[in-house]
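>>> Pasting a predicted model and its sequence here:
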Amino acid sequence: MTVESLEQIKGRAEVAVPGARIEIVPNPGPANQPSLLIDSEHASAVAKFLRDDPTLRLDFCSNATGVDWLDRTVKKTVKVKKVVDGVEKDVDEPTEEKVPGYLEAVYHLYSMTHKHGPVIIRMRTADRADGARLPSLTPIYRSAEFQEREIFDLYGVRFDGHPDLRRILMWDEFQDYPMRKDYREPDDYEYEPTPHDDVLERAKQHYTPRPQLDGAENITVQRQ
């Protein structure tokens, strides 16, 4: 744990980096590790503050990972004024909010100097479109280099300022991003052009079968 609360870190970072927009994101899971959501424009400056501040000295990024959020509908309860039995009252009313999808990069920061952490920070893209961009934190945390390449490779986030942004797990000609939630595995690959066994069974879900000819079953290669 750090010597300061996340609220204190947020407040000092906003003072140190004028204009920075930082939000505390709760984590309802068992880990109960809330994080700081930092706007992309000021993320590099805030990360540098976290690294260099004498009290924090969050000088080591142990882990960076991506998160894919699809379009979703969030149910909320809001208070509205209604007249009930001739009296105006505040009434709880359920409502729904549509939240467009986006991608995130999440970093776990520790202090090797002061032996505390983690402080978790995250950045969020504007949407899930191809070419979604975030600033690279590799110039501040050298250990983020390969991990940002993984996020680029598997989620499609392009990190501006990264010294060597290229695929690290998939081959250069590979299309799409395997860790996105709407990713559909291809029916065949370059090295396995003929569907067979479980690949064939998966292919049948996307191919339209033709009538049997001379007792042989044929399938077309018409993709949906």
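Nice, thanks for sending it over. Residues are numbered from 1 along each chain as shown.
>>> now the helices: where do they sit in the protein?
Using DSSP state H, the helices of the chain run over 6-16, 43-52, 145-155, 197-204.
>>> With just CA atoms, put the shortest one into CSV.
In CSV, the C-alpha atoms belonging to helix 197-204 read as follows (Å, rounded to 0.1, in the frame of the first residue of the first chain):
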residue,chain,number,x,y,z
ASP,A,197,-11.8,-31.9,-38.1
ASP,A,198,-12.9,-29.2,-35.6
VAL,A,199,-11.9,-26.5,-38.2
LEU,A,200,-14.4,-28.1,-40.6
GLU,A,201,-17.1,-28.2,-38.0
ARG,A,202,-16.6,-24.5,-37.3
ALA,A,203,-16.5,-23.7,-41.0
LYS,A,204,-19.9,-25.3,-41.5
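>>> Let me have the helices of the chain in a markdown table, extended by distance to A105 and mean neighbour count.
From N, CA and C alone the C-beta is placed, and that goes for glycine too. Formatted as a markdown table, the helices of the chain follow (distance: least, Cβ to Cβ, whole Å; neighbours: other Cβ atoms under 10 Å):
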| stretch | distance to A105 | mean neighbour count |
| --- | --- | --- |
| helix 6-16 | 18 | 16 |
| helix 43-52 | 9 | 21 |
| helix 145-155 | 6 | 21 |
| helix 197-204 | 31 | 13 |
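>>> out of those helices, nearest to F174?
F174 lies closest, by Cβ to Cβ, to one member of these: helix 145-155, at 8.5 Å.
>>> Show me the contact partners of that closest one.
Residues from elsewhere that reach helix 145-155 (Cβ atoms under 8 Å, 6 or more residues apart in numbering): 61, 63-66, 68, 103, 105, 136-138, 157-159, 162-170, 177-180.
>>> I'd like the mean pLDDT over it, please.
Taken as a whole, helix 145-155 has a mean pLDDT of 98.
>>> Could I get the full set of strands for the chain?
For the chain, the strands defined by DSSP state E occupy 22-25, 35-38, 60-69, 72-84, 87-99, 102-111, 116-124, 133-135, 158-160.
>>> model confidence over the third one, on average?
Computed over strand 60-69, the mean pLDDT rounds to 97.
>>> which stretch among the strands of the chain comes nearest E4?
Closest among those, using Cβ to Cβ: strand 116-124, at 9.1 Å.
>>> got a list of contacts for the closest one?
Strand 116-124 has contacts (Cβ under 8 Å, 6+ apart) with 1-3, 6, 9, 25, 33-40, 43, 46-47, 50, 56, 58, 60, 62, 67, 102-111, 134-135.
>>> Quick one: buried ones out of those?
2, 6, 9, 25, 35-38, 40, 43, 46-47, 50, 56, 58, 60, 102-111, 134-135 (16 or more other Cβ atoms under 10 Å).
>>> re earlier: any chance of the strands of the chain in TSV, with distance to P186 too?
As requested, the strands of the chain are exported to TSV (distance: least, Cβ to Cβ, whole Å):
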stretch	distance to P186
strand 22-25	34
strand 35-38	34
strand 60-69	19
strand 72-84	26
strand 87-99	30
strand 102-111	22
strand 116-124	29
strand 133-135	26
strand 158-160	23
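>>> Between these, which one is closest to V199.
That would be strand 60-69 among those, by Cβ to Cβ, at 25.0 Å.
>>> How far off centre is that closest one?
Distance, stretch centre to chain centre, for strand 60-69: 8 Å (Cα atoms, centre = their mean, to the nearest Å).
>>> buried sites along that strand?
Quick answer for strand 60-69 (16+ other Cβ under 10 Å): F60, C61, A64, T65, G66, D68.
>>> Which one of these is nearest to K76?
When the buried residues of strand 60-69 are compared against K76 (criterion: Cβ to Cβ), the nearest one is D68, at 22.7 Å.
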